[in-house]
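Engineer: Sequence and computational prediction follow.
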Amino acid sequence: KQEVTQIPAALSVPEGENLVLNCSFTDSAIYNLQWFRQDPGKGLTSLLLIQSSQREQTSGRLNASLDKSSGRSTLYIAASQPGDSATYLCALGTSYGKLTFGQGTILTVHP
Amino acid sequence: ETGVTQSPTHLIKTRGQQVTLRCSSQSGHNTVSWYQQALGQGPQFIFQYYREEENGRGNFPPRFSGLQFPNYSSELNVNALELDDSALYLCASKDYGAGGTGELFFGEGSRLTVL
């Protein structure tokens, strides 16, 4: 059974800092990994998708890496802004589509 | 905007009642899945439908049931509501095919409160 852990549970940083969010998983037989952003009371916005055969993906100030051998993924956010404040969730996907989520990291970027 | 729409956005029910939540998938997506997200938790997989057939189910009792229609819209039905069913219910769709990346796109969710 896949288990996903995200560390830290909450993070508060000043604007402009670079930061790293961590995601670890127990079963390396994954199909893909997705990082999502969730604003309070809202749905999930897909940020990055990494296929099992890939090592990293980049979109703007975001970079996500995947290391299946160690069961880890990181989401790097460069030059953080107050608008980045949200909950960030990582999810491991199977070939038929089921996602297993971590509990998320609550990020606060203060001016 | 993901193109996945859900209704209603909020609703309140009492214990023992039944509820139906609706989802309209993104155009071209033939697979829909439903997730339950309790407050402060990550979403939990309920089930998935592909071409009107359930093809995956999480650890949820049979009183959670679903339908997918020929136009790929979907319903989640929950019978005999319990207090613990209070949660945000998320619908997600994707294109399950050779050209699809497997990326899931989520709607804004339906917030269910059971009193």
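Structural biologist: The structure has been received and is ready for your questions.
Engineer: Any idea which residue of chain A lies closest to chain B?
Structural biologist: The minimum distance from chain A to chain B, using CB to the nearest CB, falls at residue A:101 (3.3 Å). Placement of C-beta: from N, CA and C, glycine included.
Engineer: three-state assignment of the closest residue to residue A:103 other than its chain neighbours?
Structural biologist: Among residues not flanking residue A:103 along the chain, residue B:42 sits closest, at 4.8 Å (CB to CB, 6 or more residues apart in numbering or on different chains). What DSSP: H, G, I helix; E, B strand; the rest coil gives for residue B:42 is coil.
Engineer: Give the full set of residues in contact with residue B:42.
Structural biologist: Neighbouring residues of residue B:42 by CB atoms under 8 Å, 6 or more residues apart in numbering or on different chains: A:4, A:89, A:91, A:101-104.
Engineer: For residue B:104, see how far away residue B:78 is.
Structural biologist: 21 Å (CB to CB, to the nearest Å).
Engineer: Can you get me a residue count around the residue of chain A closest to chain B?
Structural biologist: Residue A:101: 23 surrounding residues under other CB atoms under 10 Å in any protein chain shown.
Engineer: just the one 4 residues further on next, same as before
Structural biologist: Using other CB under 10 Å, the number of residues around residue A:105 comes to 21.
Engineer: same thing with the one 5 residues further on?
Structural biologist: Neighbours of residue A:110 under the rule other CB under 10 Å: 10.
Engineer: Tell me which residues touch it, please.
Structural biologist: By CB under 8 Å, 6+ apart, residue A:110 lies in contact with A:12-15, A:82.
Engineer: Next one: residue A:97 from residue B:48, what distance?
Structural biologist: 5 Å.
Engineer: same thing with residue A:27?
Structural biologist: From residue A:27 across to residue B:48, the span is 19 Å (CB to CB).
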